[in-house]
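*Asks:* Only the shape, not the letters, is given here:
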């Protein structure tokens, strides 16, 4: 059945590989089940309701990706977009969380229309291959940086912005977590080098088990006030009635105190970031997985974008911020996931997690951090496919700027923005007009206007 439905042989994969990939993707994404409720609860939303909405929206979006596009990409509430909703829109006093969810719903409807009219597909196809490869490399650095942060190895520093953690300070919490992440990275790397199947997933589980042992022996001491919680899973059910506190509330939004211009800006902001975060993720992960054709196009881009759009609107109705394609999908791809069966496994795990949410949310970030760092290394290897010789400087320099912008500006969409603007300007200045797709001019102007007015 799976062979016929997902064309496993045509994609040189097996059920076992796809299942392992789906589990790996879920494990690297499971942190969203803890993080999203935490962020959106700051905006006044019920955390349990947000958790349930996140699980269901992730299931719907990822299942759509599986059956509509047959691609191994998973979707959930996007990081950054949830923070924008909570802190920039709601807590700044611009609108209530109900109005913000309505803006997300409208954004999803607009994206469905754009996907059906091939606008998003045309944007994808217009981006030159050098930038597509750069996006893959940039995302690799970006998620590696996220992994280092999740591990607690990278910490804030007032003079240098970031620095290495001091292991001796608070060793029984931050210090031991960072150390365990290093041990987990070493284990994962050795397993991967030795070609052990499921090395990334094994690395996550072994690191988690080591953390549990440290907690049981007193080496790790939970401190909720400092953000260090028990990593021993508990067995309790979720209160499903809480979903009613957010379900459909976007349609009950009170717009009487919201200026129409502010509402349009909110919609456009969600629209812009979601569009290029999604395109960036699809480009980066597809490039690394070898899914692009000889022209640098993703054959199944239209249904993939449509699935992403449907997930966004469904998530808003359920009660969560923009649901989008996750860059952590690359973890499953690196394990060997190539079809929608990988996505389906991830989707089912999101649905199951509603019933046992406390178990899944107990997976500590330092356990998934080694997976993100290793995936970052694997995606970074695409840098060798970018030509850096003098004859290709007009393509290589924008690619370089795109790569460094993603981790340094902490945004996939900003990396794409810088890459596109620099590509157009540099090639124009060097009189290489034939190398610029007409849509690239439009994108460059829109990005420049975004920096001016948003």
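*Replies:* Sure thing, it's come through. Values in this document were obtained by computation on a predicted structure and should not be read as measured data. Numbers count the residues shown, from 1 in each chain.
*Asks:* tell me the contacts of the residue most central in space within the chain?
*Replies:* With distances taken as CA atoms, centre = their mean, the residue of the chain nearest its centroid is residue 326 (3.1 Å). Listed by CB atoms under 8 Å, 6 or more residues apart in numbering, the contact set of residue 326 reads 25, 29, 32, 73-76, 78, 281. For the C-beta atoms, the positions are set from N, CA and C on the backbone; glycine is no exception.
*Asks:* Could you tell me which of these belong to helices?
*Replies:* Secondary structure defined by DSSP state H assigns 25, 29, 32, 281 of the contacts of residue 326 to helices.
*Asks:* Any chance of these in TSV with distance to residue 67 and pLDDT as columns?
*Replies:* Output for the ones in helices among the contacts of residue 326, formatted as TSV (distance: CB to CB, whole Å; pLDDT from 0 to 100):
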residue	distance to residue 67	pLDDT
25	17	92
29	19	85
32	22	85
281	19	80
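*Asks:* which of those sit farthest apart?
*Replies:* 32 and 281 (14.3 Å; CB to CB).
*Asks:* Model confidence score at residue 101, please.
*Replies:* On pLDDT, residue 101 comes in at 96.
*Asks:* Pull up the gap between the residue nearest to it when sequence neighbours are not counted and residue 363, please.
*Replies:* Of all residues not flanking residue 101 in the chain, residue 250 sits nearest, at 3.8 Å (CB to CB, 6 or more residues apart in numbering). Distance, residue 250 to residue 363, by CB to CB, to the nearest Å: 30 Å.
*Asks:* repeat for residue 409
*Replies:* Residue 409 is 28 Å from residue 363, by CB to CB.
*Asks:* How about residue 337?
*Replies:* 19 Å.
*Asks:* Compare neighbour counts for these two and give me the winner.
*Replies:* In this view residue 337 and residue 363 are compared by other CB atoms under 10 Å, and residue 337 has more residues nearby, 32 against 23.
*Asks:* Just say helix, strand or coil for that one.
*Replies:* Under DSSP: H, G, I helix; E, B strand; the rest coil, residue 337 falls in the coil class.
*Asks:* pLDDT at the residue nearest to it when sequence neighbours are not counted, what is it?
*Replies:* Distances taken as CB to CB, 6+ apart put residue 21 closest to residue 337, at 2.9 Å, once the chain neighbours are dropped. Looking at residue 21, its pLDDT stands at 93.
*Asks:* Quick check: which element contains residue 21?
*Replies:* helix 15-29 (DSSP states H and E).
*Asks:* Report all helices and strands that that helix contacts.
*Replies:* helix 2-6, helix 199-216, helix 329-335, helix 340-352, helix 365-380 (3 or more CB pairs under 8 Å, 6 or more residues apart in numbering; DSSP states H and E).
*Asks:* Which of those sits closest to residue 319?
*Replies:* Closest among the helices and strands packed on helix 15-29, using CB to CB: helix 340-352, at 15.3 Å.
*Asks:* which other residues reach the helix or strand following the closest one?
*Replies:* Downstream of helix 340-352, the next assigned helix or strand under DSSP H and E is helix 357-360. The contact list for helix 357-360 (CB under 8 Å, 6+ apart) reads 30, 33, 51, 55, 233-236, 238, 353.
*Asks:* tally of neighbours for the closest residue to residue 35 other than its chain neighbours?
*Replies:* Nearest non-adjacent residue to residue 35, counting by CB to CB, 6+ apart: residue 79, 7.1 Å away. Using other CB under 10 Å, residue 79 has 20 other residues around it.
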